[in-house]
Structures are given as structure tokens and as C-alpha cells.
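can you look at this prediction? I've put the sequence above it.
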Amino acid sequence: MSRKKPKFSVKAIKVSNNEQEFYLAAISVKKLFSMTAVTRAEENNETGYQRNLAPGRVKRISEYLNGGSIIPGSLILSSNEKKSVFDEKTSELTLSNKESSLLVIDGQHRLYGAYQSEVDVVIPVCIFYGLDKTTEVQYFLDINGNQIGVPKTLRLELEKFTAEEESDEYLLKTLFDELDENPLSPLCGKMARTKSVSGKISHVAFQSAIKPILDKAPFKGFDVKQKKKVIINFLRAVESILQEIFDDSKKVSNAAFFQAVLGAFIDICQIAYTRSGGYKKENFEDVLSTLEKINWTNHAGTNKAAIKSLTEDIKHAITEKSKVSDELF
């Protein structure tokens with residue numbers, strides 16, 4: 001029976017910054033795991049800290065790694081040894097092989113996710129020596145307190161680099177780009193790609209409005225070129241009607257209004273086709289002309305309830321006109 005070696009060495013890079021030294025290395029997570037602790041409490045490292053973890057997040061990381069992906073971000077660790085043992089000639093850092101000899105300052109979810117994965121991941125680490133508890137806690141607060149999550153609209157913008165053709169995500173990016181770049185689009189230059197901007201349509205508002213109509217007739221039966229054309233014809237008609245009602249068309253790029261009017265898009269398409277046989281701008285204008293009868297003072301909110309309320313009023317207005325037209329025949 002082989003005994004666990006008390007020490008082992010890894011290739012490392014020594015970094016000196018502001019009178020503070022740390023070491024960058026890469027270590028097998030199966031070897032690293034037993035050496036780490038999330039707190040300095042004497043508990044079993046494999047089962048004692050689950051209350052500190054988000055199990056769902058750990059599972060997602062594990063599955064992500066099982067799929068062959070990597071997570072290059074370093075774990076931030078603090079050694080319980082006061083001084084490092086580093087060979088300048090060989091660039092080797094000697095580490096203790098003792099349980100809980102390294103405190104995890106940042107990266108516990110990556111550590112647990114990697115450990116629970118089916119592969120023995122080599123994970124990058126940044127190791128400090130000689131830190132007191134106050135400094136460790138301060139590093140933890142600094143790292144986690146100053147981290148800023150990726151805004152949702154930016155994340156959706158970046159998904160264009162990973163979306164597969166024929167997927168809904170790819171179609172959504174294509175339509176977003178079309179509305180933002182086509183000079184005929186009322187939203188040309190009024191789409192916010194990386195963050196929410198007042199008076200512009202972000203990816204979040206756009207997807208909330210467009211995604212529900214992708215699998216509904218007649219829109220789902222159009223090819224991409226037709227989808228682009230119909231959406232632009234529709235928005236041009238909306239812009240024209242808004243100009244008549246308010247003497248300006250600013251609402252067309254208002255996120256709440258955009259979601260509300262797209263909520264009635266399928267109904268409007270069906271009425272336009274039944275009445276006029278097509279989806280031209282003037283066909284949509286005919287259906288939308290009745291929006292002037294809506295009491296707009298009742299629709300100033302921007303939350304989901306307010307958007308839904310306006311959608312229902314738009315649907316009611318267009319269907320009432322349709323009923324009147326039917327009665328004439």
C-alpha cells in the first residue's frame with residue numbers, strides 16, 4: 001500500500017506586485033480537491049460546505065466540463081504555510097499534500113464543479129502565502145464585491161458568435177441586425193446592443209417581443225427574407241399611425257410599447273391578410289388605424305402587467321374594427 005507523499009512540486013510562475021508575491025500554476029483538480037477548504041473550520045472538505053454552494057451552479061459547471069469545454073479562470077487560494085518553497089532555477093513550487101492546506105478565497109463553485117465532473121480537469125490556480133485572516137477576508141470582499149455580472153442584453157448580443165444556423169437564437173440575431181441596419185426600418189440605429197438605453201430597443205425587449213411569434217402562423221411559415229420584410233412593413237405602418245395619433249413616432253422605439261404592439265402582431269397579420277390579402281405597409285396601416293381610439297392616458301406603465309394591458313387594448317381595438325367591417329357585408 002503506497003503512502004501519500006507529504007509534498008509535491010508543480011511548475012509555477014512567481015509574480016511580484018505591490019510588495020505582494022503569489023504563484024500561478026495548473027494542478028489536477030482530483031489532486032487539488034483534498035488540499036482545499038472553503039473555510040478554516042475543521043470539517044470534511046467533500047461534504048461539509050454544501051450550504052455555502054449553489055448546487056445547481058455546481059451541476060452546470062460539471063456538465064459544461066463533461067462536454068469538453070474548459071474554464072480558464074484561476075482559483076484564488078491562500079496557503080496555510082507562511083512562506084513558499086520555490087526553486088528559481090527549475091520554476092517549481094513545492095506544495096504541502098495535507099488536507100485543507102489551501103483556503104479557497106474565490107472559485108469554490110468552479111472547484112466543486114470540476115471535482116464532480118467525469119474528467120480530471122487541470123485547473124489554473126493563484127496561490128498566496130503568509131496572508132492573515134483579515135487580508136484573506138478583504139481579498140474575498142474585494143474580488144466578489146467588485147465583480148460585475150455580464151448585462152443580459154450584452155450576453156444576448158455575444159450569443160451571435162455561438163448561435164447555430166437554423167436555431168431560434170440565430171434568427172433572432174438576424175432580425176435584430178436587420179431592424180438596426182436596414183435604412184427602411186423605423187428602428188434603424190435605435191437598437192441597443194450591449195446595454196439598456198432609454199429610447200432604444202435592447203436585445204432583452206426585442207426577444208421578449210419577437211420570440212413568442214416565431215412558432216405562430218403566419219410568421220412561422222415565412223422564410224428569413226420574408227420575415228425581415230414583414231416585420232419592417234409592420235413597423236413602418238406602426239410608425240405612420242403613431243405619427244398621425246401623436247404627431248410624432250417616438251413610441252416605436254419605446255421598449256414597453258414595442259413589446260405591447262408585437263404582442264398583437266399575429267392578430268394584426270391575420271386580419272390584414274383576411275381583409276387585404278397581404279402584408280404590405282398599407283395593409284397593416286388599415287388594420288392599425290383604429291389605435292387612435294385607445295385611451296392612451298391609461299397606458300403609462302412599463303412593467304409586464306402594463307404591457308399586457310396595452311396589448312389587450314390593441315387587440316380589442318383592431319378586432320372591433322374588424323367586426324364592424326364584417327357587419328357591413
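Looks like it arrived, so ask away.

list the contacts of the helix or strand hosting Ser240.
Using DSSP states H and E, Ser240 maps to helix 224-246. Residues outside helix 224-246 that contact it (Cβ atoms under 8 Å, 6 or more residues apart in numbering) are 171, 174-175, 178-179, 182, 184-187, 219, 222, 248-252, 261, 265, 268-269, 279-285, 288-289, 291-292, 296. Just so you know, the C-beta spots here come from the backbone N, C-alpha and C atoms, and that holds for glycine as well.

buried only: go through the residues you listed for me.
For those, a burial check counting by 16 or more other Cβ atoms under 10 Å picks out 171, 174-175, 178-179, 185-187, 219, 222, 249, 251-252, 261, 265, 268-269, 279-281, 283-285, 288-289, 291.

can you tell me which of those residues are in helices?
171, 174-175, 178-179, 261, 265, 268-269, 281, 283-285, 288 (DSSP state H).

tell me the one of these nearest Arg193?
Nearest to Arg193 out of those is Leu179 (Cβ to Cβ; 11.6 Å).

list the contacts of that closest one.
185, 187-188, 191, 201, 206, 231-232, 235.

just the buried positions in the helix holding Ser240, please.
227-242, 245.

do the same with stretch 260-274
Neighbour-count burial for stretch 260-274 [16+ other Cβ under 10 Å]: 260-272.

out of the residues you listed, which comes closest to Ile27?
Ile27 lies nearest to Leu262 out of the buried residues of stretch 260-274, by Cβ to Cβ, at 51.1 Å.

the nearest residue to the closest one once chain neighbours are set aside: neighbour count?
Among residues not flanking Leu262 along the chain, Ala209 sits closest, at 3.8 Å (Cβ to Cβ, 6 or more residues apart in numbering). Neighbour count of Ala209, defined by other Cβ atoms under 10 Å: 20.

can you list contacts of the helix or strand harbouring Ala209?
Taking DSSP H and E as the criterion, Ala209 maps to helix 203-210. For helix 203-210, the external contacting residues (Cβ under 8 Å, 6+ apart) are 152-153, 156-157, 172, 175-176, 179, 191-193, 196, 255, 258-259, 262-263.

now do the one helix or strand Glu169 maps to, average pLDDT.
Here Glu169 sits within helix 168-181, counting by DSSP H and E. Helix 168-181 shows a mean pLDDT of 95.

what strands line up against the following helix or strand past it, and which way round?
Next helix or strand after helix 168-181 toward the C-terminus (DSSP H and E): strand 191-192. In the sheet, strand 191-192 lines up against strand 201-202 (parallel) (DSSP bridges).

what's the offset of the partner strand from the middle of its chain?
14 Å (Cα atoms, centre = their mean, to the nearest Å).

how about residues contacting it?
153, 179, 187, 190-192, 195-196, 253, 255, 258.
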